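Novice: Got a sequence here, can you build the structure:
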Amino acid sequence: MTVDPLYLRHGDSESGIDYRHWQIPLSRRFRAIKLWFVLRMVGLEGLRSHVRRGVAEAKHLEELVKTDERYEMLIPVVMGLVCFRLKPDILGKRKANDVNRKLYESILADRRFFITPASFGGKF
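Specialist: Below is the predicted model of the structure:
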């Protein structure tokens, strides 16, 4: 009953017990409590403001990526999801996934930004 998609994997995955597989929170009823707490803390308008700010930041990042010729957008920006990577024509098609994976790891190691890895159509 494990749930292990690419975006939940991390460097310490194999070194210890992952307790998220030992609990109930994957049920529908328990997941709703997170939204209930957010609504109680910031209210509906605070939640709207947060989502709108995230969408605006995603659109801004999309424009920055489009102006840099080294990168390509894989899909149009939807809400706060921005999928981009280094262009394979610069790197060679076989090395593109490896180089993009290393780019992801270096950005994550820097700890100034948090990005989530993804695979779309076989492209990292």
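Novice: burial of N100, as a residue count?
Specialist: N100 has 20 neighbours, counted by other Cβ atoms under 10 Å. Glycine gets a C-beta too; all of them are placed from N, C-alpha and C.
Novice: Now do the helix or strand it falls within: distance to the chain's middle.
Specialist: N100 is located in helix 96-110, with elements delineated by DSSP states H and E. In terms of Cα atoms, centre = their mean, to the nearest Å, the gap separating the centre of helix 96-110 from the centre of its chain is 13 Å.
Novice: Convert the C-alpha atoms of it to PDB, please.
Specialist: Coordinates of each C-alpha in helix 96-110 appear next as PDB, following Å, rounded to 0.1, in the frame of the first residue of the first chain:
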ATOM      1  CA  ALA A  96      19.200  15.900 -21.600                       C
ATOM      2  CA  ASN A  97      17.500  13.900 -18.900                       C
ATOM      3  CA  ASP A  98      20.700  13.300 -16.900                       C
ATOM      4  CA  VAL A  99      21.700  17.000 -17.100                       C
ATOM      5  CA  ASN A 100      18.200  18.100 -16.100                       C
ATOM      6  CA  ARG A 101      18.300  15.700 -13.200                       C
ATOM      7  CA  LYS A 102      21.600  17.200 -12.100                       C
ATOM      8  CA  LEU A 103      20.300  20.700 -12.500                       C
ATOM      9  CA  TYR A 104      17.300  19.800 -10.200                       C
ATOM     10  CA  GLU A 105      19.700  18.300  -7.600                       C
ATOM     11  CA  SER A 106      21.900  21.400  -7.600                       C
ATOM     12  CA  ILE A 107      19.000  23.800  -7.200                       C
ATOM     13  CA  LEU A 108      17.600  21.700  -4.400                       C
ATOM     14  CA  ALA A 109      21.000  21.400  -2.700                       C
ATOM     15  CA  ASP A 110      21.400  25.200  -2.800                       C
END
